[in-house]
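Visitor: compute the structure for the input listed below.
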Amino acid sequence: MAKLIDLSHTVEDGLVTYKGLPAPIICDYLSREASKLHYEEGTSFQIGKIEMCSNTGTYIDSPFHRYEDGDDLSELDLDAVAHLDGVKIKIPQHIIAIDESYFADMELTGKAVLIQTNWSRHWNTELYYESHPFLTEGAALFLKKTGVLLVGIDSHNIDDTRGGGRPVHSTLLGADILIVEHMCNLQSIPENGFYFYAVPVKVKGFGTFPVRAFAQLQE
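Guide: Residues are numbered from 1 along each chain as shown. Have a look, this model is predicted:
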């Protein structure tokens, strides 16, 4: 069996992924105790209920997230989110603005490019939301020109959030290049020799949704 490595954060009740967006509310719709009224002795079930913003945990951005006429989650082909040939690029921890120089002289065409900044070490703390590593517009334009399929990052946002512009989202999603944000555990995968998966629920009219992102090591 090929080794699978989880690259996703756990979604739990009250989790804050992005300040200003509501945390998920996770509870029982039907508790095990209440379900005993409906079934024979010794039989019980739990049915859960979740109220959740689509930008929760580790999630994927489709073009519809940024563009009204872009493909939404229901329109993504499975071969755009599963079994993608992956490349990992490790960024030094002191680097905040990640420019195109970190992607030069690499074979990235048709690849899922995962960017390891180790910012996920601050997950679920106040430090996570401030001064996070991000891609520059130049890096996004380079990746677009190179013809990558997907870009993932283990940081708070792939863009610089200190202003109102989102050039990386605009560039990548405008070219139908998917984005996965809030990843983790990238230190556990090699720089190449793996397939990447980030499959969302097939929801019409949504541009973003949590995924169980993982890498499958190639034999």
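Visitor: I'd say residue 54 and residue 201 touch.
Guide: No. Using Cβ atoms under 8 Å, residue 54 is not in contact with residue 201, being 9.8 Å away. (Each C-beta comes from the backbone N, C-alpha and C, glycine too.)
Visitor: give me the more crowded residue out of these two.
Guide: residue 54 (18 against 11; other Cβ atoms under 10 Å).
Visitor: helix, strand or coil for that one?
Guide: Three-state assignment for residue 54 (DSSP: H, G, I helix; E, B strand; the rest coil): coil.
Visitor: quick check: it vs residue 185, distance?
Guide: Distance of residue 54 to residue 185, computed by Cβ to Cβ, to the nearest Å: 22 Å.
Visitor: beta partners for residue 48?
Guide: residue 28 (DSSP bridges).
Visitor: related to what we said a few turns ago, pull up the overlap in contacts between residue 54 and residue 201.
Guide: Residues within reach of residue 54 and of residue 201 at once, by Cβ atoms under 8 Å, 6 or more residues apart in numbering, are residue 209.
Visitor: count of neighbours near residue 109?
Guide: With other Cβ under 10 Å as criterion, residue 109 counts 11.
Visitor: check residue 60 too.
Guide: The burial count for residue 60: 25, using other Cβ under 10 Å.
Visitor: tell me the contacts of it?
Guide: 73, 81, 178, 179, 180, 198, 200, 208, 209, 211.
Visitor: as JSON lines, those with distance to residue 145 would be great.
Guide: Output for those, formatted as JSON lines (distance: Cβ to Cβ, whole Å):
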{"residue": "73", "distance to residue 145": "26"}
{"residue": "81", "distance to residue 145": "22"}
{"residue": "178", "distance to residue 145": "17"}
{"residue": "179", "distance to residue 145": "17"}
{"residue": "180", "distance to residue 145": "20"}
{"residue": "198", "distance to residue 145": "23"}
{"residue": "200", "distance to residue 145": "27"}
{"residue": "208", "distance to residue 145": "25"}
{"residue": "209", "distance to residue 145": "28"}
{"residue": "211", "distance to residue 145": "26"}
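Visitor: residues contacting the helix or strand containing residue 140, please?
Guide: Using DSSP states H and E, residue 140 falls within helix 137-146. Contact partners of helix 137-146, identified using Cβ under 8 Å, 6+ apart, comprise 98-100, 102-104, 108-109, 113, 135, 151, 167-168, 171-172, 175, 177.
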